[in-house]
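Undergrad: Quick one: sequence plus predicted model below, questions after.
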Amino acid sequence: MESRSSAIVPGARLRGFGGVMLFAALAACARTEESSVAVVTSTGAAGVSVTGTVSVVGSSTIAPVLGELGRLFEAGHPGTRINVETGGSTRGIVEARSGRADIGMVSRALTVNEQDLAAYLVARDGVALILHSGLEVQSLKREQVIDIYTGRIDRWVGVGGPDAPISVIHKAEGRSTLEVFLDHFGLKPTDVRPSVVVGDNQQCIKSVASIPGAIGYVSIGAAEFAVADGVGIRLLPLDGICATTANVRAKRYALTRELNLVTDATVSPVTRAFIDFVLSSDATETIRDLYFVPIGD
């Protein structure tokens, strides 16, 4: 399967990090679930043999899931190819609607103006505030987050941290994580005073990990995966609730969103077979492995 973005996670990296490592990184916000290896058992839609290429474009949050499921689907369906490319949810909508992509990835609910597209709910995720792991700030109130992102507080000492400048990492337009974050905190795009503007989750995580005074916001799934992989970030609680996949699953965490696939009205047999596989029980463990919440959970 072809992949054009660093957001696509190599399958070999999905295994080999246990609950102890994540517990150490997240302290009281530890996960209790265990990961396991997904195995393809289906043979496609209604057992029909399919061949051909499926182009998948859009959200960098969903891309790792579709990248791994694409590899599993290809292994079980010789003669198929699943190409996954990121670029944001808006791009996923535009290219699915225009026919330039077979499937769009959209990490939010569809708007009223997007109801012409067919939507397939794949999983649920949360959006978490993340800090550089060296910052000794344990929590932020809603008003403090707003003040940081609007520039009214520009040093960590203003929220009980060290006397050091705050580097505000913000998302570029067209990213669903941006839309979800702004909506939750009641902000307009013009309200935000960013230090750095990034595109996908991986860019935000890398920026926060490399800048000692940084704060950002990303997919909980992407952040938990990074922490388990040893990246130097820390997830902040929101309204006193730890930012974990477990709390998204239990519906205790407030800042959550849908992860959807979208298509236009007509899909090819191979596209239909791949969507059916993504929505099947064969995909569930892969979704959990990447720290997202399957719809059946």
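TA: Great, that's in hand.
Undergrad: Is residue 139 in contact with residue 239, as I believe?
TA: No - under the criterion of C-beta atoms under 8 Å, residue 139 makes no contact with residue 239, lying 9.4 Å away. All C-beta atoms are positioned from the backbone trio N, CA, C, and that covers glycine.
Undergrad: And the pLDDT for the residue nearest to residue 267 when sequence neighbours are not counted?
TA: Excluding the flanking residues, the one nearest residue 267 by C-beta to C-beta, 6 or more residues apart in numbering is residue 102, at 6.8 Å. Here the pLDDT value assigned to residue 102 is 98.
Undergrad: got it, and residue 112?
TA: For residue 112, pLDDT reads 95.
Undergrad: Equivalent analysis for residue 60, please.
TA: 89.
Undergrad: ok, it - how many residues close by?
TA: 29 (other C-beta atoms under 10 Å).
Undergrad: so it is in which element?
TA: Using DSSP states H and E, residue 60 maps to neither a helix nor a strand.
Undergrad: Residue 212 versus the closest residue to it other than its chain neighbours, what's the distance?
TA: Once flanking residues are discounted, residue 60 sits nearest to residue 200: 3.3 Å by C-beta to C-beta, 6+ apart. Going from residue 200 to residue 212 by C-beta to C-beta, to the nearest Å gives 22 Å.
Undergrad: Nearest to the middle of the chain, which residue? Look it up for me.
TA: residue 61 (2.8 Å; C-alpha atoms, centre = their mean).
Undergrad: residue contacts, that residue?
TA: Residue 61 is in contact with 105, 107, 125, 176, 177, 201, 219, 221, 222, 259, counting by C-beta atoms under 8 Å, 6 or more residues apart in numbering.
Undergrad: Show only the entries of these found in strands.
TA: 105, 125, 219, 259 (DSSP state E).
Undergrad: Tabulate these (CSV), appending neighbour count, pLDDT and distance to residue 229.
TA: What follows is the ones in strands among the contacts of residue 61, written out as CSV (neighbours: other C-beta atoms under 10 Å; pLDDT from 0 to 100; distance: C-beta to C-beta, whole Å):
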residue, neighbour count, pLDDT, distance to residue 229
105, 31, 97, 22
125, 30, 94, 18
219, 31, 93, 14
259, 27, 96, 21
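Undergrad: So which residues of the stretch 151-297 of the chain form helices?
TA: Remark: helices assigned in the stretch 151-297 of the chain by DSSP state H, counting those that start in this stretch are 176-185, 201-210, 220-228, 245-249, 269-278, 284-289.
Undergrad: Show me what the first one packs onto, helices and strands only.
TA: By that I understand helix 176-185. Other elements packing on helix 176-185 under the criterion 3 or more C-beta pairs under 8 Å, 6 or more residues apart in numbering; DSSP states H and E are strand 118-132, helix 142-149, strand 167-171, strand 214-219.
Undergrad: Same question for the second one.
TA: For helix 201-210, the elements it packs on are strand 118-132, strand 167-171, strand 196-198, strand 214-219, helix 220-228, strand 233-235, judged by 3+ C-beta pairs under 8 Å, 6+ apart.
Undergrad: to the chain's geometric centre, what's the distance from the longest helix anywhere in the chain?
TA: The single longest helix within the chain, with elements called by DSSP state H, is helix 63-76. Distance of helix 63-76 from its chain centroid, counting by C-alpha atoms, centre = their mean, to the nearest Å, is 16 Å.
Undergrad: Helix or strand next in line after that helix, which one?
TA: strand 80-86.
Undergrad: what's around the residue nearest to residue 60, how many residues?
TA: Neighbours of residue 200 (other C-beta under 10 Å): 25.
Undergrad: Could you do residue 192 as well?
TA: Neighbours of residue 192 using other C-beta under 10 Å come to 20.
Undergrad: wouldn't it be in contact with residue 170 here?
TA: Yes - in this structure residue 192 lies within contact range of residue 170 using C-beta under 8 Å: 5.6 Å.
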